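Participant: kindly generate the corresponding structure for this input.
(one chain, ligands or ions: 3)
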Amino acid sequence: MNVLVIYFSQTGGTEKIAKIIEQGILTRGNKCEIIKIKSANTKDFNEFDLIGIGTPTFFYREPRNVRAFIRNIKSVLGKHCFIFCTHGSIIGNTFYYMSKELSKKGFIIIGSFDSYSNSSIQFYPKIMHTAKHPDEIELEEAKKFGENICDISLRIQNGNLNLIQKFELTDNTWWARNPKLLTLERLRENSPKFKVNLDKCTECLICQDNCPVNTIDIEIDHPEIQKEGCIFCWYCEKLCPEGAIEADWTIIRKAARGNLGRYVKILKEAEIQGKFRPYVDYEKII
Ligand SMILES: Cc1cc2nc3c(=O)[nH]c(=O)nc-3n(C[C@H](O)[C@H](O)[C@H](O)COP(=O)(O)O)c2cc1C
Ligand code: SF4
Ligand code: SF4
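Facilitator: Numbering: from 1, shown residues only. Ligands and ions are numbered 1, 2, ... in the order given. Below you'll find the model as predicted:
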């Protein structure tokens, strides 16, 4: 089979999983091309038998740039697709929404894989509960997933339709109850305002090249960050080698602290189900 794996990744978790899945696919004698999402819109999906799309979870679902990518795909009528994701404590409805939108384009979702990954957001403690993930076990599982996914596609083609994946919407949890809290307007209100300090900025373009939605133009006279289209991933600020993107995290840091205990509760449940292994002392994450 000829497989195309497309992924979005900022801090490397999803990229790691994408590459291991690729290894698994190649191990079984299939062809596999792997590509970052920013370069993927030039690809002709007709050249591939199977498409994989991977993403981090942002705000309990797939990030807005991934949503836009899927929205712009031309209809593919019946092409097989698998989805994968890395996340901190809460994968949320990532697979539900991805599969819903991909199905509208004509894809059949034949598999999914997710892994915990070291979650690092500026307003949370440096070491978070999912540190050291993906771990060896998750990497091994990702490899197996890659090894098996082409066989699953063939079996579905041969009539084994019960292998097709279906995802339920989760809407009865504290994080799902009020999706309006996560509109761009609310994110804009609650996010620290980023400001470029021109005395520090060397115009290295790292922030501009890595903005997932290309909204940064650092070379204009008074560069602005978080313009129209910004998805509040906060990656530009994290990346700037000069500390030239200035932000005051105090308010959001205080507000987010309330979530830490909720993450522990969710991860303890996942531990009991054998889905999560902690490598840090939760008590020290405050
Ligand atoms: C803006 C933002 C929002 C996030 N929202 C969630 C979330 O809702 N649930 C979760 O479990 N992790 C969340 N995370 C953590 C990422 O999903 C996690 O670190 C992921 O592995 C990052 O993937 P990457 O390393 O491929 O960039 C968020 C991270 C960022 C930067
Ligand atoms: S990453 Fe920092 S130094 Fe580089 S262009 Fe952006 S703001 Fe300037
Ligand atoms: S936070 Fe920065 S990197 Fe992220 S979308 Fe907005 S401008 Fe781009």
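
Participant: up against ligand 3, what does the stretch 101-250 of the chain have?
Facilitator: The interface of the stretch 101-250 of the chain toward ligand 3, taken as C-beta under 6 Å from any ligand atom, is made up of 211-213, 215-216, 225-226, 230-236. Bear in mind the C-beta positions are built from the backbone N, C-alpha and C, glycine included.

Participant: now, of those, which are buried?
Facilitator: By neighbour count, with 16 or more other C-beta atoms under 10 Å, these hold 211-213, 215-216, 225-226, 230-236 as buried.

Participant: go through the residues of the stretch 101-250 of the chain next to ligand 3 and name the one nearest Arg28.
Facilitator: Pro212 (31.8 Å; C-beta to C-beta).

Participant: any idea how far the residue lying closest to the closest one once chain neighbours are set aside is from Asp151?
Facilitator: Excluding the flanking residues, the one nearest Pro212 by C-beta to C-beta, 6 or more residues apart in numbering is Asn65, at 4.3 Å. Going from Asn65 to Asp151 by C-beta to C-beta, to the nearest Å gives 31 Å.

Participant: more crowded one of the two?
Facilitator: Legend: neighbour count by other C-beta atoms under 10 Å for Asn65 and Asp151, higher for Asn65 (20 against 13).

Participant: spell out which parts of the stretch 151-286 of the chain neighbour ligand 1.
Facilitator: Contacts of the stretch 151-286 of the chain with ligand 1, taken as C-beta under 6 Å from any ligand atom, map to Cys233, Trp234.

Participant: all strands for the stretch 151-286 of the chain, in order.
Facilitator: 195-196, 245-246 (DSSP state E, counting those that start in this stretch).

Participant: and the first one, how far from the chain's centre?
Facilitator: It stands for strand 195-196. 26 Å (C-alpha atoms, centre = their mean, to the nearest Å).

Participant: pLDDT averaged over it, what's the number?
Facilitator: Summarised as a single mean, pLDDT over strand 195-196 is 96.

Participant: same for it, what does it pack against?
Facilitator: For strand 195-196, the elements it packs on are strand 245-246, judged by 3 or more C-beta pairs under 8 Å, 6 or more residues apart in numbering; DSSP states H and E.

Participant: contact partners of the strand it packs on?
Facilitator: Phe194, Lys195, Val196, Asn197, Cys207, Ile225, Cys236, Glu237 (C-beta atoms under 8 Å, 6 or more residues apart in numbering).

Participant: quick one, which of the residues you listed are buried?
Facilitator: Phe194, Lys195, Val196, Cys207, Ile225, Cys236, Glu237.

Participant: run through the residues that contact the first one.
Facilitator: Taking C-beta under 8 Å, 6+ apart as the criterion, Phe194 is in contact with Ile225, Gln226, Cys236, Glu237, Ile245, Glu246, Ala247.

Participant: closest to Ile53 out of these?
Facilitator: Comparing the contacts of Phe194 against Ile53 with C-beta to C-beta places Cys236 closest, at 23.8 Å.

Participant: I'd guessed the closest one sits against Ile218; true?
Facilitator: No: counting by C-beta atoms under 8 Å, Cys236 does not reach Ile218; the two are 9.5 Å apart.

Participant: between the two, which contacts overlap?
Facilitator: Residues touching both Cys236 and Ile218 (C-beta under 8 Å, 6+ apart) are Cys207.

Participant: what about stretch 74-85, average pLDDT?
Facilitator: Computed over stretch 74-85, the average pLDDT equals 96.

Participant: mind listing what's buried in it?
Facilitator: Within stretch 74-85, the residues that count as buried by 16+ other C-beta under 10 Å are Val76, Lys79, His80, Cys81, Phe82, Ile83, Phe84, Cys85.

Participant: identify, from those residues, the entry nearest to ligand 3.
Facilitator: Nearest to ligand 3, judged by C-beta to the nearest ligand atom, of the buried residues of stretch 74-85 is Cys85 at 18.7 Å.

Participant: so the closest one sits in a strand?
Facilitator: Yes: residue state for Cys85 (DSSP: H, G, I helix; E, B strand; the rest coil) corresponds to a strand.

Participant: hmm, back to that, give me the subset of the buried ones among the residues of the stretch 101-250 of the chain next to ligand 3 lying in helices.
Facilitator: Among those, the members found in helices (DSSP state H) are Tyr235, Cys236.
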